[in-house]
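Chemist: sequence-free structure coming up:
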């Protein structure tokens, strides 16, 4: 059934006033019109919303449930009016972006910073999620733009290539593993690791592959970002697994070893995903186009 916002607002005013007469006055309706609206709503729902008594009315259990929903609905309507008014006045635009760990830490800071510098009226709401959660958020409309690994199911979304990402093992200086050309993930699972926080997207991704191999990763320490992780590895704490870009950034200063993972899943294409590009707000389309712009690659094929 359809709900009329005037009816919802009237129910709130009646409950607040404690009488249909008082609610009608506050809603600037005649008593007959207000009574008819409430009666019509009750008939449509098949339940009584108010108990009538000599002193006025009180909400029934069903009425209290309706009032709770009405408060939320009307509050959201007011919020929507305010935000749309800001858009109309050219005051701001908000783009919601959901991304996995690698995209969020390695690629987005510079790109989003430059975009915001060029668009002073834009805000970006950025959150880190696993690739499956990012896809779900975009499908459900909770995110305008998602950035995920291309191994995930993307049916129902429009996609654009973003960046290539290779995962590597980083080792303390002089570690025996550092001399190898590459290494399989399963061959390092007996080692101890420094990792990211347990709920980070990359940690969940690696833990999932380790569990499928039947040998969970053993963490000595978890740190909040790749640079901190590489510093702990350089000090000799344990091995780490990070994107190639993060490893290279730390290698020159810290002397850590870099050994590519040979597993097919360790070389990933990150993609941008949206439900429908043409349906995005103008600021979101502008950001999508900026993120999708091609970049130069080095001799190893990485960005």
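Modeler: Okay, I see it. Owing to the predicted nature of the structure, the values given are computational and were not obtained by experimental measurement. Numbering: from 1, shown residues only.
Chemist: Quick check: next helix or strand after the longest strand seen in the chain?
Modeler: For the chain, the strand with the greatest residue count under DSSP state E is strand 158-171. Proceeding N to C from strand 158-171, the next assigned helix or strand is strand 192-195, under DSSP states H and E.
Chemist: for the record, mean pLDDT for that following strand?
Modeler: What strand 192-195 shows for mean pLDDT is 97.
Chemist: Contacts for it, please.
Modeler: The list of residues contacting strand 192-195 from outside it, by C-beta atoms under 8 Å, 6 or more residues apart in numbering, reads 203, 206, 217-223, 229, 232-233, 237-241. C-beta coordinates here come from the backbone N, C-alpha and C atoms, glycine included.
Chemist: Go again with 10 Å.
Modeler: 169-170, 202-203, 206-207, 210, 217-223, 228-233, 235, 237-242 (C-beta atoms under 10 Å, 6 or more residues apart in numbering).
Chemist: Now, these that are in helices?
Modeler: Among the contacts of strand 192-195, the residues falling in helices (DSSP state H) are 202, 203, 206, 207, 210, 228, 229, 230, 231, 232, 233.
Chemist: quick one on the thing from earlier: tell me the buried residues in the longest strand of the chain?
Modeler: Neighbour counts over strand 158-171 (16 or more other C-beta atoms under 10 Å) mark 158, 162, 163, 164, 165, 166, 167, 168, 169, 170, 171 as buried.
Chemist: Among the ones in helices among the contacts of strand 192-195, which one has the most neighbours?
Modeler: residue 233 (29 neighbours; other C-beta atoms under 10 Å).
Chemist: Tell me, how many residues neighbour the closest residue to that residue other than its chain neighbours?
Modeler: Leaving aside its sequence neighbours, residue 233 sits nearest to residue 240 (C-beta to C-beta, 6 or more residues apart in numbering; 4.5 Å). Burial of residue 240 is recorded as 27 neighbouring residues (other C-beta under 10 Å).
Chemist: Also the one 4 residues further on?
Modeler: Burial of residue 244, expressed as a neighbour count using other C-beta under 10 Å, amounts to 23.
Chemist: and if you look at residue 109?
Modeler: So residue 109, with other C-beta under 10 Å, has 11 neighbours.
Chemist: Tell me which helix or strand it sits in.
Modeler: Using DSSP H and E, residue 109 falls in helix 108-118.
Chemist: try residue 138
Modeler: helix 131-139.
Chemist: so what strands line up beside the helix or strand following that helix?
Modeler: Going down the chain from helix 131-139, the next helix or strand is strand 145-149, by DSSP H and E. Strand pairing for strand 145-149, using DSSP bridges, gives strand 93-99 (parallel), strand 267-274 (antiparallel).
Chemist: ok, now which ones touch the residue positioned nearest the centre of the chain?
Modeler: Nearest to the geometric centre of the chain sits residue 98, at 3.6 Å (C-alpha atoms, centre = their mean). By C-beta under 10 Å, 6+ apart, the residues touching residue 98 are 104, 125-131, 133-138, 142-148, 201, 273.
Chemist: give me the beta-bridge partners of the residue nearest to residue 233?
Modeler: Under the criterion used (DSSP bridges), residue 240 bridges to residue 170.
Chemist: Against residue 115, how distant is it?
Modeler: According to C-beta to C-beta, to the nearest Å, residue 240 stands 30 Å off from residue 115.
Chemist: Where does residue 156 fall, secondary structure wise?
Modeler: Residue-wise, residue 156 maps onto no helix or strand under DSSP H and E.
Chemist: and it, how many neighbours does it have?
Modeler: By the measure other C-beta under 10 Å, the count of residues near residue 156 is 11.
Chemist: circling back: can you select the buried ones from the contacts of residue 98 in PyMOL?
Modeler: A single PyMOL command selects the buried members of the contacts of residue 98 (16+ other C-beta under 10 Å):
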select buried, resi 104+128+129+130+131+133+134+135+137+138+143+144+145+146+147+148+201+273
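Chemist: Domains in the chain, by residue range?
Modeler: 5-88, 93-163+268-292, 165-267 (automatic domain parsing).
Chemist: roughly how far apart are the residue of the chain most remote from its centre and residue 206?
Modeler: Distance from the C-alpha centroid of the chain peaks at residue 54, with 52.5 Å (C-alpha atoms, centre = their mean). In this view, residue 54 and residue 206 are 69 Å apart by C-beta to C-beta.
Chemist: try residue 10
Modeler: Shown here: residue 10 relative to residue 206, a distance of 56 Å by C-beta to C-beta.
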